[in-house]
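Student: how does the following fold in three dimensions:
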Amino acid sequence: MIEKEDAIVIFENASIFQENHLVLSDINFSIRKGEFCFLVGRTGSGKSSLLKTIYSDLELRQGKAQVCGFDLNGIQRAQVPFLRRKLGIIFQDFQLFPDRTVNENLVFVMEATGWKEASKMKKRIAEVLMRVGLGTSGSKMPHQLSGGEQQRIVIARSLLNEPSLIIADEPTGNLDPNVSEGIFELFEEINNSGTAILMATHNHNLIANHPARVLKCIDGKLLDSEEDTFELQDRY
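Tutor: Presented below is the predicted three-dimensional model:
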């Protein structure tokens, strides 16, 4: 059992709804500070709904949950940006502005999360681009980068505010296997530096080659490999 002071995410007797449809019920799990977890399940099983609840894009109507010290129950709209500053959120489809350079894409996020001094912004952008191995790509447009490079930019974007938790929703879904492995190694480096990661994936090879805790959405429930027994081939 994870002690509350060691947890960055805590859900207790929580149920998740999409409008009036119950998606997941009686959820009880925690994620430790600095932990790496996979999230798996078939399409429509509730993975994205759970992730959206964690970053407060979906209201938690039943049960209790805490993320990065914020109570999700009745969280005020004005608090949501402060919660998300503690999170890095990565999507499968990159969501980069196609008409802005890499630097301009990153500046947009920084200004939206409260950065004001141009010199500090420039320094931080240089740091995160170096971290993902693209230190000379700041002036490029997204279309000038490969899919793997664009995903590295998205990872850099997620690191701007030094998040306590990165939520990655199918981050290798559009990438070929060799590129996916390189992207995953980058996630491992970030995790080894102390950032917790929750990664939703359908990539069987990643899970088979990189054993870690697995959370599985199935039949309206959330199973946990630390507490429940299920075969590897049944995790997806």
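
Student: which element is the residue positioned nearest the centre of the chain on?
Tutor: Against the mean C-alpha coordinate of the chain, by CA atoms, centre = their mean, the closest residue is Ile167 at 0.9 Å. Assigned by DSSP states H and E, Ile167 falls within strand 165-169.

Student: from Met130, how far out is the residue nearest to the centre of the chain?
Tutor: The spacing between Ile167 and Met130, counted by CB to CB, to the nearest Å, is 23 Å. Yep, even glycine has a C-beta here, placed from its N, CA and C like the rest.

Student: about what we covered before: my guess is the residue nearest to the centre of the chain meets Arg84, correct?
Tutor: No: the criterion here is CB atoms under 8 Å, and Ile167 misses it with Arg84 at 9.9 Å.

Student: which neighbours do these two have in common?
Tutor: Common contacts of Ile167 and Arg84, defined by CB atoms under 8 Å, 6 or more residues apart in numbering, comprise Tyr55.

Student: now do the contacts for Ser158.
Tutor: Taking CB under 8 Å, 6+ apart, one finds Gly88, Ile89, Ile90, Ile166 in contact with Ser158.

Student: out of the residues you listed, which is most surrounded?
Tutor: Gly88 (25 neighbours; other CB atoms under 10 Å).

Student: dig out what that residue forms beta bridges with.
Tutor: Ile166 (DSSP bridges).

Student: list the contacts of it.
Tutor: With CB under 8 Å, 6+ apart, Gly88 has these contacts: Ile155, Arg157, Ser158, Leu159, Asn161, Pro163, Leu165, Ile166, Ile167, Thr195.

Student: where in this protein is pLDDT low?
Tutor: By pLDDT under 70, the low-scoring segments of the chain are 1-3, 230-236.

Student: ok, now with 90
Tutor: Scanning the chain for pLDDT under 90 picks out 1-6, 19-20, 42-44, 74, 81, 91-95, 112-114, 170-181, 202-211, 226-236.
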